[in-house]
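Enquirer: Next come a sequence and a model predicted from it.
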Amino acid sequence: MVKFIVLIFTILIIPTAYCEIDLEVVKKHASEIDQIIVGDLKNKRISLPVEVNDTIFVRRVYYDIVGRPPTHKEYFKFQKSKDRPALIKDLLNSEGHVHHMYNFWADILRVKRDLNENVGNLYGDSYIQWVKQQVRENTPYNTLTNKLLGATGNIWQNPETGYLLRDIGMPLDNLSNTTQIFLGVDMACAQCHDHPFDEWSQMDFYKSAAFFAQIQTKNSQDGVKQHIKKLRDEAKEMQTNGKKGVEGRLNRYLRTIYDYGVDYNPNGRLKLPDDYAYKDGEPKEIVFAATPYGSRVRESKNKNKRKKNPNGIREDFINWVTADTNPTFALNITNRLWGHAMGVPIIEPMNNVMQDGEISIGKNRRLMEYLPKMFIDLKYDIRAFLEIVYNTKTYQRKSWQGELDNYAFQGPVSRRLTASQLWDTYITLYLDNPDSIKPNYSNNQYKKMAIKDISELTLQDALTELDKFNSLQKTTYNNLPKMGPWYAVRASHVNRPSNNLNVLIEFGRSDRRLVDNGSSEGSITQLLLLMNSPLVSSLSNNNSALIKNVNNAKDDTTKLFLLFYSIIGRSPSIEDVKLFKPYVKKKQYQDVIWALINSHEAKFIY
């Protein structure tokens, strides 16, 4: 047990839900954060870095908030106003921010189109769009958590069930992921035995998992079993009479549209494993739910009390998780968001903010205490939290490029672009307005299929609906622009096997099997891909917005400046001009683009 103590016009920044937080509140909290960090730096006798210039700032803030570089016109537009708070707010309220934060959440929640590798025909299309919509609406974090952990129903009608269906048939694994994702507590070892390095026992783990014991993730077929049997009998008869594949197609329809969802099973109970070896329980003994730390919540052992409130056991757990008094709920997400903005979290590893039953000290105790309280005061407003962080002097200082052992939040950490940021860089260069391109998602049609009363469904209806579903799936990327062999869409739209996905995985995108397991490390194969693939030739052809903008520039100097600002975010030095201008004069733009794309500067945020 735990003893807790490119050229994109202004109109292309598509507004979503506007931040409601007042600028004075932003300044107040930003100032408090800066004072905490400055005090710590003084105590450690570390000098303050200077504030970055506008050119570095605008590139940094575009990458961090919308996941792509600014176009050269966006650079120069900002240079006219130099209003940093206004730019931060505009970007946070843009569709680009939705795409970028979707990637953040998809890595944490392990969102995939093929939702579970062990279950056929369980598709996450509606769940993917639901997650994006929560970002778009800026759903408060406690509400988002409640929706994900408390979801019920069919996945097409209630897409938030995708979270629990992601681990269908593996309730213990789901609990392990849940504590890491929402609490920042890694109890995985305790699934099989008492934790060797922490205070979690195997009984703690099973008592926590028991809160979800009465969930079932496959339709119970209550009231329609006979009708489904009749459909299967008809399909079998048709197959016997020479119509091949009918039985398999019916089963695919049922699995795809009807079978998967989250429901309540009143008889669901969790038992200790057969080989349970500790004195606090017997093998196969029924486990009664209890929270592992903080304010204790326990399941009643009185059967009559449990019957009166059958869903209460899960609701009790959710209320405990999301309570203001939960010691790790707000701490965990603010630690993740701080790491997202600054490059390094306060506490590492992010999936485990507790050690030996105590909150880890982290890199700055006062900051660690302040941020969760601030987040709760903001009513769990993620966008407001980020707006405050991006408005701090700390964020706007020169980036840290030294050893992390000596890092004390002097500024954000200089870091390599993520796979999604790299990909979205190339799409921005190719399109100029990447947020305007969207695949043909068909979630409304899928939802209409799912709400049909299966008791009235004929076999022919089922086969027709399956054909319609398959047809809609095939049209997802129809009529989209292509950049060489790749669809010219942002990384947030790449959710199924394709040339696009292959590149993103090569760049280090998470395979989304584990919580937040992407990599931003470079590799030889990445270098070979950038040097030898059709990428540079695609960016250099006449369909590329980058080349169109270069061709429209008035003179060679302007063309060279445009290439530098678009790709690496700065003007060329005197040496750069001497080196590259001859190529521009000869219209050998591909050589310049190749050199800049493959440069160190193009792959890092400074």
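Expert: Cool, got the structure.

Enquirer: would you put the C-alpha positions of stretch 116-127 in PDB?
Expert: Listed next in PDB are the C-alpha coordinates belonging to stretch 116-127 (Å, rounded to 0.1, in the frame of the first residue of the first chain):
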ATOM      1  CA  ASN A 116      -6.900  -3.300 -31.800                       C
ATOM      2  CA  GLU A 117      -4.400  -5.500 -33.600                       C
ATOM      3  CA  ASN A 118      -6.000  -8.600 -32.000                       C
ATOM      4  CA  VAL A 119      -9.500  -7.900 -33.100                       C
ATOM      5  CA  GLY A 120     -10.600  -7.800 -36.800                       C
ATOM      6  CA  ASN A 121     -12.900  -5.100 -38.200                       C
ATOM      7  CA  LEU A 122     -12.700  -2.900 -35.100                       C
ATOM      8  CA  TYR A 123     -12.100   0.500 -36.600                       C
ATOM      9  CA  GLY A 124     -11.300   3.800 -34.900                       C
ATOM     10  CA  ASP A 125     -12.400   6.200 -37.600                       C
ATOM     11  CA  SER A 126     -15.000   7.900 -35.500                       C
ATOM     12  CA  TYR A 127     -12.800   7.900 -32.400                       C
END
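
Enquirer: avg pLDDT for it?
Expert: Averaged across stretch 116-127, the pLDDT comes to 89.

Enquirer: Show me the contact partners of it.
Expert: 111-115, 155-156, 159-163, 165-169, 252, 255-256, 260, 441-443, 446-447, 495, 513 (C-beta atoms under 8 Å, 6 or more residues apart in numbering). Quick note: C-beta positions are derived from backbone N, CA and C, even for glycine.

Enquirer: which residue packs closest to L144, ignoring adjacent ones?
Expert: Computed as C-beta to C-beta, 6 or more residues apart in numbering, the closest residue to L144 that is not its neighbour in sequence is Q134, at 5.6 Å.

Enquirer: And for L122?
Expert: L115 (4.8 Å).

Enquirer: Might you report the residue contacts of that neighbour?
Expert: L115 touches L122, Y123, G124, Y127, G162, L165, R166, I168, counting by C-beta under 8 Å, 6+ apart.

Enquirer: Please report phi then psi for G294.
Expert: G294 adopts backbone torsions of phi 70, psi -150, taken as degrees, to the nearest 10.

Enquirer: Now the buried members of the contacts of stretch 116-127.
Expert: 111-113, 115, 155-156, 159-163, 165-168, 252, 255-256, 260, 441-443, 446, 495 (16 or more other C-beta atoms under 10 Å).

Enquirer: List the buried residues for stretch 552-567?
Expert: Of all the residues in stretch 552-567, those buried under the rule 16+ other C-beta under 10 Å are A553, D556, K559, L560, F561, L562, L563, F564, Y565, S566, I567.

Enquirer: So what does the first one have for phi and psi?
Expert: In other words, A553. According to degrees, to the nearest 10, A553 has phi -70, psi 150.

Enquirer: Number the chain from 59, please
Expert: Happy to do that; since the first residue is 59 now, the last one works out to A611.

Enquirer: Just give the closest residue to it, not the sequence neighbours.
Expert: A611 sits nearest to K617 (C-beta to C-beta, 6+ apart), 4.4 Å away.

Enquirer: low pLDDT regions in this structure?
Expert: 59-77, 278-279, 362-369 (pLDDT under 70).

Enquirer: Report the contact partners of the residue nearest to the spatial centre of the chain.
Expert: In the chain, the residue lying closest to the centroid (C-alpha atoms, centre = their mean) is W163, at 1.9 Å. Going by C-beta under 8 Å, 6+ apart, W163 touches V169, V189, Q192, V193.

Enquirer: if we go to 7 Å?
Expert: Applying C-beta atoms under 7 Å, 6 or more residues apart in numbering, we find W163 in contact with V189, V193.

Enquirer: That one: helix or strand, and which one exactly?
Expert: Assigned by DSSP states H and E, W163 belongs to helix 153-167.

Enquirer: Show me how far that helix is from its chain's centre.
Expert: How far helix 153-167 lies from its chain's middle: 4 Å, per C-alpha atoms, centre = their mean, to the nearest Å.

Enquirer: Put the alpha carbons of that helix into PDB.
Expert: Provided in PDB are the C-alpha atoms of helix 153-167 (Å, rounded to 0.1, in the frame of the first residue of the first chain):
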ATOM      1  CA  GLU A 153      -7.300  24.600 -37.000                       C
ATOM      2  CA  GLY A 154      -3.600  24.000 -37.200                       C
ATOM      3  CA  HIS A 155      -3.500  23.700 -33.400                       C
ATOM      4  CA  VAL A 156      -6.200  21.000 -33.600                       C
ATOM      5  CA  HIS A 157      -4.000  19.000 -35.900                       C
ATOM      6  CA  HIS A 158      -0.900  19.400 -33.800                       C
ATOM      7  CA  MET A 159      -2.600  18.600 -30.500                       C
ATOM      8  CA  TYR A 160      -4.400  15.600 -32.000                       C
ATOM      9  CA  ASN A 161      -0.900  14.200 -32.600                       C
ATOM     10  CA  PHE A 162      -0.100  14.900 -28.900                       C
ATOM     11  CA  TRP A 163      -3.200  13.100 -27.700                       C
ATOM     12  CA  ALA A 164      -3.100  10.300 -30.200                       C
ATOM     13  CA  ASP A 165       0.400   9.300 -29.000                       C
ATOM     14  CA  ILE A 166      -0.700   9.400 -25.300                       C
ATOM     15  CA  LEU A 167      -4.100   7.600 -25.900                       C
END
